[in-house]
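Student: structure for the following, please:
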Amino acid sequence: MDVFKAIETRRSVRVFTNEEVSEEEVQKLIDAARRAPSAGNIQPWEFVIVRGAKIKHKLSTAALNQTFIKEAPVVIIICADEARSSRGYGNRGASLYCLQDTAAAIQNMLLAACALGLGTCWVGAFHEDEAAKVVNAPTGVRPVAIIPVGHPARKPSAPPKRSMRDFVHHETF
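Tutor: Predicted coordinates:
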């Protein structure tokens with residue numbers, strides 16, 4: 001699928017079929033994510049792939065009881081390694097660059113999933129400490145997003161988007 005088509009057609013999917021997501025598909029998602037740009041090419045991301053019902057249930061609870069998370073065949077938790085980013089960029093690396101870098105990786109993953117015919121949802125509403133405990137994240141490795149992955153049971157319609165004339169500025173505001 002053309003990247004512009006993926007950008008145009010990607011949707012946040014919260015209802016999945018029971019069809020499994022293959023290991024090959026998951027590996028393609030991780031490969032797409034790892035190819036994202038990162039400050040100084042530090043690549044501060046860590047990915048936790050979850051298929052087990054018990055852990056998915058705990059993640060769903062940590063994510064403010066968003067039950068669709070536990071219904072997805074696969075859930076990927078994307079984490080940012082603050083220490084890894086800080087080695088190259090100090091406090092700014094730990095507090096900002098690692099988040100920017102993981103966000104770029106997440107977007108690559110979402111677009112790759114769309115191209116593969118998979119549905120995803122970028123979940124950022126969760127109790128970070130609780131999610132970190134569920135996946136046993138080491139100190140300094142922050143869960144940034146929870147991404148349920150599956151075959152969409154239905155495709156949501158496109159949400160409204162702001163007109164570019166409302167937010168594009170030339171030279172200055």
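Student: what ranges does this protein have for its helices?
Tutor: 3-9, 23-34, 53-62, 68-71, 82-92, 98-115, 128-134 (DSSP state H).
Student: check the offset of the second one from the chain's centre.
Tutor: It refers to helix 23-34. Remark: helix 23-34 is offset 12 Å from the chain centroid, using CA atoms, centre = their mean, to the nearest Å.
Student: most residues in a single strand of the protein, which one?
Tutor: strand 141-150 (DSSP state E).
Student: for that strand, name the packing helices and strands.
Tutor: Secondary-structure packing of strand 141-150 (3 or more CB pairs under 8 Å, 6 or more residues apart in numbering; DSSP states H and E): helix 68-71, strand 74-81, helix 98-115, strand 119-120, helix 128-134. Yep, even glycine has a C-beta here, placed from its N, CA and C like the rest.
Student: please work out which of these is packed deepest.
Tutor: For those, the largest average neighbour count (mean count of other CB atoms under 10 Å) is found in strand 119-120, namely a mean of 27.
Student: avg pLDDT for that strand?
Tutor: Averaged across strand 119-120, the pLDDT comes to 98.
Student: who touches that strand?
Tutor: Contact with strand 119-120 is made by 11-13, 16, 109-110, 113-114, 147-152, 155, as judged by CB atoms under 8 Å, 6 or more residues apart in numbering.
Student: mark which of those residues are buried, thanks.
Tutor: Buried members of the contacts of strand 119-120, counted by 16 or more other CB atoms under 10 Å: 11, 13, 16, 109-110, 113-114, 147-152.
Student: residue nearest the middle of the chain, spatially speaking?
Tutor: I106 (4.0 Å; CA atoms, centre = their mean).
Student: quick one: that one and I78 touch, right?
Tutor: Yes. Counting by CB atoms under 8 Å, I78 is a contact partner of I106 at 5.5 Å.
Student: for the contacts of strand 119-120, which one is nearest Q66?
Tutor: P148 (8.8 Å; CB to CB).
Student: noted, bye for now.
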